[in-house]
Every structure is written in C-alpha cells, then in structure tokens.
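>>> Build me a model from this:
(2 chains)
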2 protein chains.
Amino acid sequence: MSEKLIGSCIFGQSGGPTAVINASAYGVIRAALDAEEITKVYGAFHGIRGVLDDKLFVMDEEDPEELKLLLHTPSSALGSCRYKIADPEVDDTDYKRILEIFKKYNVRYFFYNGGNDSMDTCNKISRYMESVGYECRVMGVPKTIDNDLFGTDHCPGFASAAKYIATSCMEINKDARVYDNGMITIVEIMGRHAGWLAASAALATAYGSGPDLIYLPETNFDMDKFLADVDRIYKKNGKVLVAVSEGIHYADGSFVSEAKTSATDGFGHAQLGGLAAMLAEIVKAHTGAKVRGIELSLLQRCAAHLASATDIREACEAGMEAVHQAVNGVSGKMVAFERETVDGKYHCKYVLLPLSSVANFEKKIPLEWINEEGNGLKPAFIDYVLPLIQGEPELPLVDSLPRYAKLKRVLAK
Amino acid sequence: MSEKLIGSCIFGQSGGPTAVINASAYGVIRAALDAEEITKVYGAFHGIRGVLDDKLFVMDEEDPEELKLLLHTPSSALGSCRYKIADPEVDDTDYKRILEIFKKYNVRYFFYNGGNDSMDTCNKISRYMESVGYECRVMGVPKTIDNDLFGTDHCPGFASAAKYIATSCMEINKDARVYDNGMITIVEIMGRHAGWLAASAALATAYGSGPDLIYLPETNFDMDKFLADVDRIYKKNGKVLVAVSEGIHYADGSFVSEAKTSATDGFGHAQLGGLAAMLAEIVKAHTGAKVRGIELSLLQRCAAHLASATDIREACEAGMEAVHQAVNGVSGKMVAFERETVDGKYHCKYVLLPLSSVANFEKKIPLEWINEEGNGLKPAFIDYVLPLIQGEPELPLVDSLPRYAKLKRVLAK
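This is a model prediction of the structure:
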C-alpha cells in the first residue's frame, strides 16, 4: 500500500459509444465520489478535448439518482472524441496544456474509458506526467463493442452489442422466411478488423433462428465462393440469411465494401449504401432472387434496452476497480477481464495490464473457432460468448419509454 | 343468437409480418380450439395459398404450451403470402377451388388476419360463399404495422412497431450527438402511403431524446425546404436527427425514393441503398457535414423483444373476438377497435365493421396533427399513440435469448 495521494480526478470517455460505456462512467464516478482521497470529481466534456479546452463538469454537483441512471443510458453521457494525441517526443504542446489543467484543478487521478486509441492516449499521458515529475495516477478502463482489446478476455460493450445482434438476427430470420417466394437477406454488422460482432449472429443460429452463413474479417473473402454458398442454400431452401462483418476483405487486403468494381458482376457504379446494399445487388444479379440488405448501423452499439446485465455489471465494476486500484497506488494500468470457472459457472476476475501492452494491438477471433468453410462459427465461439450476454437489466421506464440520466453538467471554473 | 353451425375452421395469415400477428393467431386458434361448435382447427400454410394448395396444418395437434409462445413469436408462424385473389365475377377459378377445400374439410368458419388486401380477400370469399349458398362464416382480423386500416382506431402490430421506432430513435439520438464534430443523421422508417410509423419517432422527441425533424407522406415533400430545415438546425446545434417516412413524395406524387435525379444536387447515379442513403448523399453535398443514413428496415416490424403488452393483448383479443362472434352467427365482418375513456383511462372496445367498408381504403394521419411547417407532430398525435405502446411483455427466454414457438405443423390429409 503506497502513500495516500490526495487530489481531484478527471474522468473521460473516448471513441465510439456503447450501450454500457456510461455504466463504466457510473462505476468511476461513484467510486471516486466515495473515495476519501479524491477531493473533487470532474468529467471531461468530449474526452481529452474537454481537458485541453478546460471544459470539465463537476460530477459532485450531480444528483446521485440521476448518476445511477447512467447504468442504463446508452452512448457517452459526457461526450466523446476521436482526438489523436501526438507523441510527446514529437510534439508536447497537448501534454503541456494537460499538465496546466491538471495543476489548475490539482488533478492527481486520471481515468480514461475507451478502446485501443484511448489506451494509447492514457499511456502517453501517464509517461509524460512521470517524465516531468508530476504525480498523477493514470488508469484505463476498457470499452469497445469491437471486443478487440489485447490482453482481456472481453471488453465492456461487446456483450450488449452481441446480444442485440443475436436477438435482432433471430427476429430478422423469422421475418425473412415468411413468404412463399424466394428471399435472400444480407445483414451487415460492425467490426472493421475483428469479427466478434458478426460472429455473435451465430448465437441466433445456435438458438434455432439465425443466419445460414457468416463471414468474418479473420479470413479472406472470396466472392465466387460466397456466391456458390448462397446459391447452394437458396436452391435447397428458397431462403438464405447471411451475416457479414463490414470488415470482410479479399486476399489482397482490400475491403469488399470499398470495391467499386467486381469481376463477378461488372458492378461499377457509385456506392450509396454500405456493404449489405452492395452485396445485395451482386447476389441479386447472380441468383435472380429477391434480395434485401440490412445494415444494423448505430442501433447495434447503442441498444441499451437490450443490454446484457452481465455487461452492465462488469462495465460498472471495471470503472470502480480502476478507482480502487488508483487510490491504492496503482498507475499506468488498464483494468482487464480474466475468465474463471467458479463452481462450474462463468466468473469474471478483474486484473491489471500495463497500458503499454494494450495500446494499439488488436485481438481477433481464434481461427480454430471458425469453421473449415470460413462461413460459420464452431461451438467454441458460442461457449465463449454465451455467458457474457446473460441477464436482463431492469430498465428505468417512463410511459414504457426509456428514462435516461439527465445530468446538470455544471462547468468547473 | 343464430343457429349453431358445426364444422371446422381455417385460419390464415397474410401480408407483411408484425411483432404481434402471431398473438392474433393465438387468439383465433385458442378460441377456436375451445369453441364446441368448431370441430377442427386448421392453419393455412402461407395464407390463402395454403387453402388453394391444400396445405393445412392441424392446430389441434399442437402442444398448447407451444401455441401460447405465439404471443411472443414475431412474424407469421404459419407463413404469409401476398397473393391477390381475382374478382369472382371476372375469374372464379380460385373460389371454386376454395369451395372444394372448404367442402373437403367441412370448413364452416374462415378467419383471415391481414391488412387492406387481406380484408378484400376475406370480403370476396364471404360474398362468393354466400352466392353459391355454402354456409361459412368469414371474419377478418386486422393487422398492419402501417396502421392504415379504415374504420378502426388503430391496428394490431402498429403499436409494437411504434414502440420499437421510438425507443430506437431515443438510442440513436444519444449516439448521434456524442462527438464534438458536426453530424447529421437521417432515419428511414416504413410507411409507403401513411406516416403513422415515422410519426411515432415524435414519441422519442416528446420524451427528450428524438428527431429534430420528421417528414411524412401526408404532406408534399419539398427538397429545398427540407435542406433549409436541416441547415438551420445544423448551424444552430451542430447535430441534426431527421426521421423520414419511406413514402415521402413531391407535390406531383412521385416518391422521393424513386427520383434518380434531383435538381438540387445533380444527384443522378444508380441507387443502391434506400431513401436514407440517398437523402444522406444530398444533405452531405448541401451542407458538407458528416451525414449518416439509417434504415430501420425489417427490424421495426419484427421486434417482438420490444413489443407493447397492450398491442399483444389487443391482437390476441381481436382474434378471440372474431371466433366468438362467428360462432354466435356473425359473418362478413372485421373486428375493429374503438377507443374509449373509462375512469379517465384508455380502453379498447371491440366492434364489428362490414368487410366491404374496410377493404382498400387507407387511413392517414389527420393533417391537424401535423405541425404548420410539415416537419413535426403536434401533441394530439402523442396523445393518440402513447396509450397504445404501454406495457412490457414477459418474454420467454432461454439463456437470455428469445424462445419462440416451435410448431409441429402436421399437414391435414
């Protein structure tokens, strides 16, 4: 146990929103408000930009009951950013400014919630503060629906998106098979470099109402093989449901979504819709069938109404853990998840990883979880994802519609 | 009370699926199984097509517990069709065949669940059976997410779709405003001729997290006015959320979604995505902002996980009412909903309408519920829709995923 460090803290949210990023916010803010070492709790407006712009909200001013509603409020309540901070060795302007703000508010704790890039930001700030001898404990809290953070069993936000995708695919599957004529439906799912989200559609199939085919960026996409797969099932069943990751790419690494021309169909006009619309056109030309493309779009990452209670709990606890560890002397770490089996049941253990080991690495689906054909998942993936989506949250509702947290957002002076 | 009519019944589902069409199926099937006048309950495979093809499932063979799960199973469990039956005066081939099947199974009751076209089918069958002197009681059960059936306060299926749209727009609104840069989001909602569904996005706005602008097919769309609306809000807030009905059209009646060229931006290339993608391109060209188009697609009509308990109950009771009325001697009618206020609260009363009065009319949103600018709804619309979306169903789940009805579908011989 190290010496007590007394001072205020800043918490920031970064990168793409999720259904549970505010659950982590609640975990950090609640634990920070409760920590005697932390004198004031600031929330940065739009992540690190709020620090640079001296736009900090005083979380101590918020109604505790409203803060609690953050557990069920999607997207980033404090605002997010995609600001990429420079290397301190190359340009330390931002760091000098951050130090200035830290000194102004006597900030001794900095908690940052985000994905790969945010952990990189965290790591750089941590190293800079150390290099100039300013004592500040910096902790990362993981977040990404993409589930691609290195060194952690899974990431907060992923499971809720996975549950939304699985449930929506089950519903789409019921809808897409209803008519007596042929129908091919292609669902586009987020995930530029890792296929965790699209793979989650396999849950729908495992529970009896899901896609026939799933394509992920972990393997190379082959348009001819894809069309042959679709054709075969269409001829057999008259209906095909396909799930594709937005990040599927050809063997040369080029994204299928970016191809303006395709040798298969001479498809060459400007692309308005995304990948689903484009594949729908190609499949239609190839099969002559009625084809519908569906993009789950933002819905999959902000669907708090269908969040996993497990995900909410873990997201919140990860935030709390970051605060508890920091006041106990830890710095330069990200809270990570380790999966354990306790009494035959899934259990999540919180561990700490050096920020430097997490930043800028991407975790992909193990190839041995993908079937030989490269168009579906093996049971090992279901075993992995199923425990994460468990539990229905008790959503606060008013007139059967979601009641989100209403924050006062009082700016610090 | 008329004479007892003993015989079997056929139930069919028709048109686009909804989240609660199977709740009506359950209502009809359960009441028919329980009615002593009805000797056997058949479910037509793909609606009237199943009758023509002699593909009828014996509902008596189904497990009652599985049948009950129909209350929470989206889409049409018996299969649907869009088969348009000829006028019996023009071509009575289909009717002769239907009569043949009715005689084969001693069908004395026919229940058909669908929208405008299905009520037309119902009406024609009813008139034909009467004209040939075959005693058969024909009843329509309303269904359509579009809510455009004439003579009924609302239609089963609409409220659940409305609730999904409102909740999803609340979530999208949170997500679409998260970054520190400008962002315009356009959500495309179903409804070709009536704007009830797109209008439901106004619920999200009324509850604090919804679209800034809503455009409906009830008024003429003016691209310049639309761009000016978006521009104004974008300049003020830096964020705009727009909801559009897929059926918005210019003053000359042509659908905006079908326009291959637009005077406003010279937009003239082939359209891959739908209306949202197209408007996103136009708005992007006009404002220079980052614009995202989102199509709610099938999701809005099959989202049983977010159904309105009120809608489920009414859908089920409408089915039961059709059976009870038929065994009591009624025929040639559709069960309709009349809104009452009992003890200051919303109450739905079941009434009967002649099938002929319902068929092929479309009910639109009263113009006095739309604001002067033609880009939003007045409180009267919220008052109309709010009672309909109330109540959360207790969804049967297995491992936190939906458990749908599994029917045996035993074919009648």
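
>>> so where do the strands sit in the stretch 51-200 of chain A?
Along the stretch 51-200 of chain A, the segments classed as strands by DSSP state E, counting those that start in this stretch run A:56-58, A:107-114, A:137-142, A:183-189.

>>> distance between the last one and the chain's centre?
Relative to the mean C-alpha coordinate of its chain, strand A:183-189 is positioned 22 Å out (CA atoms, centre = their mean, to the nearest Å).

>>> Please apply the same query to stretch A:352-366.
Computed by CA atoms, centre = their mean, the chain-centroid distance of stretch A:352-366 equals 14 Å.

>>> Can you give the contact residues for it?
Residues outside stretch A:352-366 that contact it (CB atoms under 8 Å, 6 or more residues apart in numbering or on different chains): A:116-117, A:119-120, A:122-123, A:126, A:138, A:140, A:142, A:147-152, A:193-196, A:199, A:216-218, A:325, A:330, A:332-336, A:380-381. (Glycine included, C-beta is placed from N, CA and C.)

>>> picking up where we left off before, looking at the strands of the stretch 51-200 of chain A, which is closest to chain B?
strand A:183-189 (7.7 Å; CB to the nearest CB).

>>> Show me which residues of the least confident helix or strand in chain A by mean pLDDT are buried.
Least confident helix or strand, chain A: helix A:355-358 with a mean of 88, by mean pLDDT, DSSP states H and E. Applying a neighbour-count criterion of 16 or more other CB atoms under 10 Å in any protein chain shown, the buried positions in helix A:355-358 are A:355-356, A:358.

>>> Whichever of the contacts of stretch A:352-366 end up buried, select them in PyMOL.
Here is the PyMOL selection string for the buried members of those, based on 16+ other CB under 10 Å:
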select buried, chain A and resi 116+117+119+120+122+123+126+138+140+142+147+148+149+150+151+152+193+194+195+196+199+216+217+218+325+330+332+333+334+335+336+381
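
>>> Now intersect the contacts of stretch A:352-366 with the helices, please.
Among the contacts of stretch A:352-366, DSSP state H puts A:116-117, A:119-120, A:122-123, A:126, A:196, A:199, A:325, A:380-381 in helices.

>>> tell me the two of those residues that are most distant?
Comparing every pair within those by CB to CB identifies A:126 and A:380 as the most remote, at 35.9 Å.

>>> now the helices: where do they sit in chain A?
Assigned helices in chain A, in chain order: A:21-34, A:48-52, A:64-68, A:93-104, A:116-131, A:158-176, A:196-199, A:201-206, A:223-237, A:275-287, A:299-302, A:309-327, A:355-358, A:379-385 (criterion: DSSP H).

>>> For these, which has the smallest mean pLDDT value?
Mean pLDDT per stretch puts helix A:355-358 lowest among the helices of chain A, at a mean of 88.

>>> mind checking how far the nearest residue to residue A:316 once chain neighbours are set aside is from residue A:163?
When the adjacent residues along the chain are set aside, residue A:316 lies closest to residue A:27, with 3.9 Å between them (CB to CB, 6 or more residues apart in numbering or on different chains). Going from residue A:27 to residue A:163 by CB to CB, to the nearest Å gives 20 Å.

>>> do residue A:7 as well
Relative to residue A:163, residue A:7 is positioned 39 Å away (CB to CB).

>>> Comparing the two, which residue is more hemmed in?
Regarding residue A:7 and residue A:163, a neighbour count based on other CB atoms under 10 Å in any protein chain shown identifies residue A:163 as having more, with 30 against 17.

>>> That one and chain B: what is the separation?
7 Å (CB to the nearest CB, to the nearest Å).
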